[in-house]
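> what follows is a predicted protein model with its sequence.
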Amino acid sequence: MAVMMGKIVQNLPSAYSCQQNRQFCTLYQRDRCVQYKHNLLLFQGRKLPWTRISTMQLRNVSNNKQRVVYCNAALSTTAVPSLEKVDFLKLQNGSDIRGVAVDGVAGEPLNLTEPVTQAIAAAFAAWLLDKKKADSSTRLKISIGHDSRISAQKLQDAASRGIASVGFDVVQYGLASTPAMFNSTLTKNEDFLCPVDGAIMITASHLPYNRNGFKFFTNEGGLGKPDIKDILERAANIYNGFTPESLEEAERKASSSITKVDYMAIYASNLVTAVRKASGNIGICEDYFFFLFSHAYFLTWIWITEKPLEGFHIVVDAGNGAGGFFAGNVLEPLGAITTGSQFLEPDGNKVTEWKTNLSKFLYLTNCYLSKSKPDQFSGLFPNHIPNPEDKAAMKAITQAVLDNKADLGIIFDTDVDRSAAVDSTGREFNRNRLIALMSAIVLEEHPGTTIVTDSVTSDGLTIFIEKKLGGKHHRFKRGYKNVIDEGIRLNSVGEESHLAIETSGHGALKENHWLDDGAYLMLLNKLASARASGQTGGSKVLTDLVEELQEPGVAVELRLKIDQNHADLKGGSFQDYGNAVLKHLTNKIESDPKLEKAPVNHEGVRVSGYGGWFLLRLSLHDPVLPLNIEAPSNEDAIKLGLAVVAAVNEFSALDISALTKFVQK
């Protein structure tokens, strides 16, 4: 396929997909080589397991370093004997799919293999066909993108084979962000083969290097839990029906069904346009260009409009995930200075060894000082975990801001659907403070609107939103999809809501199709409009917006684990046991005059007292009861903790050692 305006990169078989993203090429070829060497060990006589390689090709595998080879062995109608049994439903993680894609971690067997991925992608295509109610003559398109994980390329190729096997066209984006994948279902641009009918993002957010997973989108947004369950059930049937013939046929179809597109270019361009519009007057410059062209001052005015962040120094920390594009492709075209930005190169490698004992000592010391746990799998990205909630990550971006005397720092998670910021003084905008800041910006434009958050936000945030800003604070269940869906639901029943945001950094705006887009959320519109209106002072315009937010003196989260093997469970589920704990806690609280249960609460048991509050809830997926405590002082926080201890200490299967340690400080 010819290059079109530098946008469509190539139309090649998936076997050569590593050419599109060179940073993955070496890792991908090494990964494939290991796989084939493993298959060679299984070869006995002339009998071949499922390897996709013919007998003749096997003789040359050890010397093949430049390309990937595929099966042309004789056809068989038998099922593939070497496919492992997989419990597909265990791959569900709420509205996402998550699994182990890289071998080598003790106790974590592979369950997100290439055949499993191929089956899941084929199931999504079949689900989409039903959803669209398309007839057999319609050829649908699905886009695929991925973050910087080392398993990304092989899963992208496997997903492409699955999609092609259903008769769909595949549009590969290579390295991409999760928000961009959703946008590809909305963008109208034939040069970029948009809009697509569905999109798949290959990511596991900030989880260790050996994990990976999938998020799915249509033009209606991300898929929900029932959709994911449906897809996994379909995938199990497809997987069980795999034969060498069907797998080879999928390979053949993929070779003619894949197009590679640089979609991130148009996504970044759209972000730039949105910020320029926020600065105002861009329409006037088009209408009056010829009339005022001869005036020197107009040339200056045009320059400011095109570069509304001129003079701002903004550093970006992408954590070696997919967000590195933001510095050069978004901030710099807007005029911002980005020197000092760090970890922009995508790299999903783990730290496999310490170069010196000193480096290991410094890392462990930093974990101790920041009260964060060392990564138990050595599954670190090369510099720090790309997670705006991680203390080490926030310390890294804060230090970069201070060292470079920058106006603002921006940090993303791996796939750029979450973000946080740091002002010029090193003050963090994450969790409650980020929600307060976004609420202040949204309520300026939409007075009185409802702000939807998750259940663990503070009482101080409620006071700020309702008393200071004049809005309404609506707490809902944990889980970014729960929060976003609740914002959509409120609008559908007549209660105006323009922002749904979780403390993890997932934030979605009604104006942006309820997409949790960390790049779109990152305050640039406010900075640009403030500059256009003559306000100066760098990030102070943001800091001033949250000056009156009341913040707790102590805020902790403790995880109380349920031992599923304990006799108290008597064969029951951890969910039943956890709910029994919550019911007992409710009864205890009602008899304590110093404590008051929240009258409206959608998750767990939330209680106010001693100037603070606590929330005990049951995790959605794990045998854990997370406990959040916020209070004006450590003494008050301990009083709240003791109230919980008194209520739950009779539940022997509940490990309350973390809580006991906290109240004994």
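Happy to help now that I have it. Numbers count the residues shown, from 1 in each chain.
> look up how far Lys188 lies from the closest residue to Asn383 other than its chain neighbours.
Leaving aside its sequence neighbours, Asn383 sits nearest to Phe343 (C-beta to C-beta, 6 or more residues apart in numbering; 4.9 Å). C-beta here means a position set from N, CA and C on the backbone, and glycine is covered the same way. Phe343 is 34 Å from Lys188, where distance means C-beta to C-beta, to the nearest Å.
> domain map for the protein?
2-32+68-261, 430-516, 554-663 (automatic domain parsing).
> in JSON lines: these, plus distance to Leu309 and mean neighbour count.
Converted to JSON lines, those look like this (distance: least, C-beta to C-beta, whole Å; neighbours: other C-beta atoms under 10 Å):
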{"stretch": "domain 2-32+68-261", "distance to Leu309": "20", "mean neighbour count": "20"}
{"stretch": "domain 430-516", "distance to Leu309": "16", "mean neighbour count": "20"}
{"stretch": "domain 554-663", "distance to Leu309": "33", "mean neighbour count": "17"}
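> compare these and give me the one nearest Ser539.
Closest to Ser539 of these, according to C-beta to C-beta: domain 430-516, at 10.6 Å.
> for Val316, find the nearest of the domains of the chain.
For Val316, the closest of the domains of the chain is domain 2-32+68-261, at 13.1 Å, according to C-beta to C-beta.
> average pLDDT across the closest one?
Across domain 2-32+68-261, the average pLDDT comes to 82.
> next one: that domain to chain centre, how far?
Offset of domain 2-32+68-261 from its chain centre (C-alpha atoms, centre = their mean, to the nearest Å): 17 Å.
> over to stretch 438-457?
Per C-alpha atoms, centre = their mean, the centroid offset for stretch 438-457 relative to its chain is 22 Å.
> likewise stretch 527-544?
Relative to its chain's centre, stretch 527-544 lies at 29 Å (C-alpha atoms, centre = their mean).
> what does the average pLDDT come to for it?
84.
> what is the end-to-end distance of it?
13 Å (C-alpha to C-alpha, to the nearest Å).
> what's in contact with that stretch?
With contact meaning C-beta atoms under 8 Å, 6 or more residues apart in numbering, stretch 527-544 is reached by 275-276, 278-281, 304, 308-310, 312-313, 334, 407-408, 421, 423-425, 427, 429, 437, 523, 526.
> kindly report the same for stretch 273-282.
If you take C-beta under 8 Å, 6+ apart as the criterion, stretch 273-282 is touched by 305-306, 308-309, 330, 334, 520, 524-526, 528-529, 531-533.
> out of those residues, which are inside helices?
Judged by DSSP state H, helices contain the following of the contacts of stretch 273-282: Thr305, Glu306, Leu524, Asn525, Lys526, Ala528, Ser529, Arg531, Ala532.
> can you give me the end-to-end distance of stretch 535-549?
One end of stretch 535-549 sits 22 Å from the other (C-alpha to C-alpha).
> pull the number of nearby residues for the residue nearest to Asn383.
Phe343: 25 surrounding residues under other C-beta atoms under 10 Å.
> please verify my assumption that it contacts Ala322.
No: counting by C-beta atoms under 8 Å, Phe343 sits too far from Ala322 to count as a contact (11.8 Å).
> among the domains of the chain, which is nearest Pro386?
Between Pro386 and those, the shortest separation by C-beta to C-beta is 5.4 Å, and it involves domain 2-32+68-261.
> still on that earlier bit, can you redo the ones in helices among the contacts of stretch 273-282 as CSV with distance to Phe217?
Listed next are the ones in helices among the contacts of stretch 273-282 as CSV, based on distance: C-beta to C-beta, whole Å:
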residue, distance to Phe217
Thr305, 33
Glu306, 32
Leu524, 24
Asn525, 24
Lys526, 27
Ala528, 28
Ser529, 30
Arg531, 34
Ala532, 33
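> possible to save these as JSON lines with neighbour count and distance to Asp230?
Putting these into JSON lines (neighbours: other C-beta atoms under 10 Å; distance: C-beta to C-beta, whole Å) gives the following:
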{"residue": "Thr305", "neighbour count": "17", "distance to Asp230": "48"}
{"residue": "Glu306", "neighbour count": "16", "distance to Asp230": "47"}
{"residue": "Leu524", "neighbour count": "27", "distance to Asp230": "38"}
{"residue": "Asn525", "neighbour count": "18", "distance to Asp230": "37"}
{"residue": "Lys526", "neighbour count": "21", "distance to Asp230": "40"}
{"residue": "Ala528", "neighbour count": "26", "distance to Asp230": "42"}
{"residue": "Ser529", "neighbour count": "19", "distance to Asp230": "43"}
{"residue": "Arg531", "neighbour count": "21", "distance to Asp230": "48"}
{"residue": "Ala532", "neighbour count": "17", "distance to Asp230": "48"}
